[in-house]
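J.: No letters, just coordinates:
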Ligand SMILES: O=C(O)C1=N[C@H](C(=O)O)C[C@H](O)C1
């Protein structure tokens with residue numbers, strides 16, 4: 001199981017490859033997991049936003065976790081696996097969290113409950129219940145997608161729950177993490193790729209970023225330089241990545257990411273499930289590998 005100390009470095013929220021018939025493509029998935037794990041990244045996240053969680057069934061998530069574990073063991077890799085189990089229903093979140101624990105996940109990623117607009121007390125209870133299962137919980141705050149923004153005071157309370165080991169911060173600004181770090185918070189990973197360098201300077205422990213799937217060593221180098229105290233070098237390495245990151249998210253993710261992974265030959269097809277659509281020809285023309 002993951003510890004707070006292991007929440008650092010580059011975590012890859014993995015895509016879910018589909019065949020052209022929209023079925024799971026486990027063979028591409030296993031190849032992709034192997035490439036990511038061999039690159040030296042610090043962790044993998046299955047069924048995050050990048051994994052198209054809204055259109056992947058729980059039964060499919062279980063197949064993905066089993067396939068990833070099998071691949072990692074075949075290459076003697078100890079890269080930890082985090083599984084997205086958060087929904088906007090506390091009971092189903094708890095049930096999924098129990099199932100992820102039974103599958104041997106190292107931690108779970110639980111998003112702030114979206115759509116039903118709970119009170120802050122309700123959100124606190126949601127995370128408390130998820131953490132009570134006994135597998136480490138990483139909180140995922142992404143207001144632009146959930147439609148709710150947890151106050152800084154409430155996030156401090158949520159972070160103090162036993163079993164919560166850190167926060168993936170996709171709030172699109174530095175206010176939350178600046179205050180949490182000031183109070184000596186549990187580790188925070190940047191979940192908003194363009195902010196990676198800025199968040200490192202404010203005390204982030206690393207990043208959980210979809211863009212790091214493409215040539216992960218570029219992001220690892222930024223992190224390693226920064227961690228070694230070579231901040232200017234890290235900045236000089238990160239700045240040229242920004243146009244690539246912006247293009248990657250210009251259209252709904254992970255369309256462009258899947259296109260690039262297919263182009264690199266890591267997965268067989270860039271297929272998505274509706275309502276997500278393939279990357280446009282205009283965007284494809286903008287990004288040369
Ligand atoms: O897969 C995720 O989870 C990620 N979420 C962020 C988002 O959805 O905007 C971006 C991050 O790169 C990965």
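T.: Now that the structure is in, tell me what you want to look at. No experiment lies behind these values; they were computed from the predicted model shown. Residues are numbered from 1 along each chain as shown.
J.: Could I get the contacting residues of residue 181?
T.: 188, 202, 203 (Cβ atoms under 8 Å, 6 or more residues apart in numbering). C-betas here are computed from N, CA, C, even on glycine.
J.: Any idea how many residues pack against the second one?
T.: Right, residue 202. 17 (other Cβ atoms under 10 Å).
J.: Can you report how many residues neighbour whatever residue of the stretch 101-250 of the chain ends up closest to the ligand?
T.: Using Cβ to the nearest ligand atom, the single residue of the stretch 101-250 of the chain nearest to the ligand is residue 210, 3.5 Å away. Each residue near residue 210 was counted by other Cβ under 10 Å, and the total is 24.
J.: and the closest residue in space to it that isn't next to it in sequence, what element?
T.: Excluding the flanking residues, the one nearest residue 210 by Cβ to Cβ, 6 or more residues apart in numbering is residue 50, at 4.3 Å. Assigned by DSSP states H and E, residue 50 belongs to no helix or strand.
J.: wait, doesn't residue 50 sit right on residue 15?
T.: Yes - contact status for residue 50 versus residue 15: in contact at 5.7 Å, counting by Cβ atoms under 8 Å.
J.: who touches both of those two?
T.: By Cβ under 8 Å, 6+ apart, the residues touching both residue 50 and residue 15 are 210, 213, 254, 257.
J.: The third one reaches residue 53, doesn't it?
T.: No - counting by Cβ under 8 Å, residue 254 sits too far from residue 53 to count as a contact (11.1 Å).
J.: Looking at these two, which has the bigger crowd around it?
T.: residue 254 (26 against 19).
J.: how close does that one get to residue 281?
T.: 18 Å (Cβ to Cβ, to the nearest Å).
J.: I'd assumed residue 197 was in contact with residue 235.
T.: Yes - using Cβ under 8 Å, residue 235 is in contact with residue 197, at 5.9 Å.
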